[in-house]
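**Q** What follows is a protein structure lacking sequence information:
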């Protein structure tokens, strides 16, 4: 399945790779500036102390690379000299992920852990050769996709090793095969979301996978961290779309998956999915694809309360028709969302665009913002008649629970769907602490989990003298349960990293106490490792270690990440 | 999740356990006798030589139990004396599965491998204690559910062990919890299909899992062998419905699964699913349940050819609406099916029941049978409007490809859905060799796989002088591919087991050569182990062995089954 020669592959039409800003999110040209009224409000409500801009990049000092010349030459012989990089700019760009603690450290120039070199292999064979050489030379390897980890997944504990390299997979960027009859594509892991969509889109297909990190994260990362996209209710999670996987390991190559489903033993593909680069490096993926939808519609609804919204989501998830995107904000997040709509778009602006609020809708209430209620975003993707049918049937369920249309909210969500990380940078600039965390559980545990986690965050931060704003939404629904995604904003304390980890610890304890999982879609990394160990139990930890020892006996792959 | 006390559990209303006939399938009172015309036809077409009835049970001699008194006493102290059985009848009933080679050996009284004792634990704690004692005493353990394995899953290689026990889980038969809000049930593994359905049915729910072995197989077996039910397109495979699992192992207990989905590392639940009792014993399962459908309809369609049928199935699986049951017979199986309808039900009989063939339908052609074409069975389960909508839309797809209604076929399929194993017994009595095998692959590989496997079976058996009838159907569809299920009937040769294994070897080689999987829903057992090893590759085999060594370092669990 992965045998196609380089010539037969398609790369021509993919857009160029996007680079993350060194100390924050995304394209500097698209950086958000905070609406002055919101900035003022944030300062007043949260008690922000002072602006806190990042240091200039020139101020950042990295330790000298520990990679000796002999090894560097060996890597250059394997990959070619241009693909072995030891310059500070490249090392810095591969030093950390994009959690708030990562950003806070970058912003103050505190980069203890940059890789000693960045390697850029061209194909599976080169990845395999690099791993074998690193195992032999005891060099720690950080597989690197988009660099968007928010759980410390790019910062292994490399102290016992000779050196640490980042294995950047960006040159593995080919569409290897498109099987239209089976509706599958075989793709390399280094493609960023928009690159993969471009390659598939010109043939009429989509992966349907749009996580918030879509513009920067890669397919390999989606698979290795079990990513879930905003349209997961329609297309499924990324791991559910992966049918076959090729994994390079220090012990050789694994190729797993020959059919849509199989009863041939335990599903070992599931060890590659979620492996976070600690068990191997994914070098090819055969994934399900879908025809490009004829129509995409995203619409907003306002329900009387979060509890009403949960009931609507549960009914749609269990009895259908389930929209492709289904998302519910709690009352606090709804107030912020609707205030933002009110701030951005006056009714006059709407009239100039030729749209009017329909009589009898709740648009008045929507503009007012903050007046209670919970916002639902429902998105439909597919053929025209199918979108029409699902929309109509779902509308009956939502309005049956007291939902009122909130027409501007759907378009606003669609326009802002990848913007939140930019907003975080702007808030950090203002001296705020902003971070998110997430979990998932069964429906019967959802409300207690919501309450206990929010309370843990509020009480911990309030006790430090920085009472936070805690917002929450449900963004992924299943028949048996759903995810919860919390956003926390507070005034940054003297040591905001310690401040956050204290709150995060309390929230993580609440998650486990409620029987929920430590991560629905962010992964384990270093930050969740201890909680993950408690989820698995001692024997589960032993099992995972045995898998690791088989594939990576020298322990060079992302040491300290994932495996407790 | 698995902490409920015995008193709180529900067992009262489950029907009694069903026992398999010692030398064949199911309830002797329901044994099939072959329609005399079909028997005559089979004798003529296949050249059956002579009837071949089973020996009387009294003629079967088992070796003396190797389980010594000291160990037997220890087991009795753990479980209570009535739950440690060493009588010949009980040992015989746990000796083999229900593959045709198993049946042929039982029918001639050739039982080399009965367990030395049958243990009947009452709960998880007793299972755990038995495993620890067996590991200490080096006793091989065969976890035993319904005893319906068709891949040699109940016959481990116990020669290096002190003794071999069957661990029959029938007393773990409780509904531990029903979470209506989350639509999940927590059940014990020893429940047979009808028992579980009775417990859930009185609360208004169903598992929706109806494999052909439904009446005898158990939930633990469904999970441990990754079973797929006849309505898999509607409800999903059994493994897809399992949200959490408790696994007893010689090294202790694993509890895996806290949420509908998680990004917390590799999904280790997937090591318990498909483990075939070789990695542990499943003692509780939290599974998705569905409301009992308001309506169930099964209808037949006749398409111009198998190729037309495949096209219809692919379109329904990929673009919907997908029926809950979707099955397509090739031309040969269609001819046999329709001949059976013709043989069983005259148009007079239909008129007496007050039903008439609708004008313009293909019922005339359906009665005639054998005149070409491929039969599709489409089944719909759900609410009245949903069934109506799906039926109508699917009918448009099927009739657009030349499908004509075959009204009697749907009811006939529903009435006979669990009958095929009875028919096998009747054909074996007549001196036929009858067996099935199955695989799955992507849509683009489906037709070549179909042709190569069928040809391998035909040519191998013809070369032995027993040209076979090879029938095939597709019974499980996915967006990216489907299963193929072959039925082979030939005259039994002198040594029918060797005759079958030769044909099976050729078919298995064809399956691997086509890139398909060695099993879609039968599992690995002993029979597929060597092919499974080739699917995994050497490193995959090492990985599985490392998992086994961690959970079962003495190797007492089903030695020789699954793990190469």
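**A** On my side now, so go ahead. Treat the numbers as computed from the prediction; the structure is a model and nothing was measured.
**Q** Is stretch A:250-267 positioned near chain B?
**A** Yes - applying Cβ under 8 Å from any Cβ of the partner chain, one finds stretch A:250-267 touching chain B at A:251-256, A:258-267. Backbone N, C-alpha and C define where each C-beta goes, glycine included.
**Q** And the helices in the stretch 101-250 of chain A, which stretches?
**A** For the stretch 101-250 of chain A, the helices identified by DSSP state H, counting those that start in this stretch occupy A:124-137, A:193-201, A:219-224, A:232-235, A:238-241, in order along the chain.
**Q** out of these, deepest packed?
**A** Across the helices of the stretch 101-250 of chain A, averaging neighbours per residue (mean count of other Cβ atoms under 10 Å in any protein chain shown) puts helix A:219-224 on top, at a mean of 30.
**Q** contacts for that one?
**A** Contacts with helix A:219-224, where a contact means Cβ atoms under 8 Å, 6 or more residues apart in numbering or on different chains, come from A:143, A:145-146, A:148-149, A:169, A:172, A:187-191, A:193, A:196, A:207, A:209, A:211, A:227, A:238-239, A:242, A:245, A:272-277, A:281-282, A:285, A:287.
**Q** try stretch A:31-40
**A** For stretch A:31-40, with Cβ under 8 Å, 6+ apart as the criterion, the contacting residues are A:21, A:24, A:42, A:339-340, A:343-344, A:419, A:422-423, A:425-427, A:429-430.
**Q** tell me how far the ends of that stretch are from each other?
**A** With Cα to Cα, to the nearest Å applied, stretch A:31-40 spans 19 Å between its terminal residues.
**Q** likewise stretch A:148-165?
**A** Separation of the first and last residues of stretch A:148-165 by Cα to Cα is 17 Å.
**Q** Indicate whether it makes contact with chain B.
**A** No - for stretch A:148-165 and chain B, the contact criterion (Cβ under 8 Å from any Cβ) is not met; the two come no nearer than 9.2 Å.
**Q** so where's chain A uncertain?
**A** Segments of chain A classed as low confidence (criterion: pLDDT under 70) are A:1-12, A:341-371.
**Q** Can you pull up the most central residue in it?
**A** Nearest to the geometric centre of chain A sits residue A:213, at 5.0 Å (Cα atoms, centre = their mean).
**Q** What values do phi and psi take at that one?
**A** Recorded main-chain torsions at residue A:213 are phi -80, psi 10, according to degrees, to the nearest 10.
**Q** At the contact with chain B, which residues of the stretch 201-350 of chain A appear?
**A** Neighbours of chain B within the stretch 201-350 of chain A, by Cβ under 8 Å from any Cβ: A:225-228, A:237, A:239, A:243, A:249, A:251-256, A:258-268, A:270-276, A:279, A:288, A:314, A:318, A:320.
**Q** Now, of those, which are buried?
**A** Those of these that meet the buried threshold are A:225-228, A:237, A:239, A:243, A:249, A:251-256, A:258-268, A:270-276, A:279, A:288, A:314, A:318, A:320, by 16 or more other Cβ atoms under 10 Å in any protein chain shown.
**Q** Strands - which of those land there?
**A** Those of these mapping onto strands are A:243, A:249, A:252, A:253, A:254, A:255, A:256, A:288, per DSSP state E.
**Q** Hmm, the second one is touching residue B:539, no?
**A** Okay, so that is residue A:249. Yes - Residue A:249 sits in contact with residue B:539 when judged by Cβ atoms under 8 Å, with a separation of 7.2 Å.
**Q** what residues do these two have in common as contacts?
**A** In the contact map built from Cβ under 8 Å, 6+ apart, the residues linked to both residue A:249 and residue B:539 are residue A:551.
**Q** Tell me how chain A divides into domains.
**A** For chain A, the structural domains run A:51-168, A:175-291, A:295-415, A:421-523, going by automatic domain parsing.
**Q** still on that earlier bit, now, of the contacts of stretch A:31-40, which are buried?
**A** A:21, A:24, A:42, A:339, A:340, A:422, A:423, A:425, A:426, A:427, A:429, A:430.
**Q** Which residues are in contact with the first one?
**A** With contact set as Cβ under 8 Å, 6+ apart, residue A:21 has these partners: A:27, A:28, A:31, A:425.
**Q** quick one, phi psi at the second one?
**A** Note on residue A:28: its backbone torsions stand at phi -50, psi -30 [degrees, to the nearest 10].
**Q** check contacts around it.
**A** With contact set as Cβ under 8 Å, 6+ apart, residue A:28 has these partners: residue A:21.
**Q** Sounds good, over and out.
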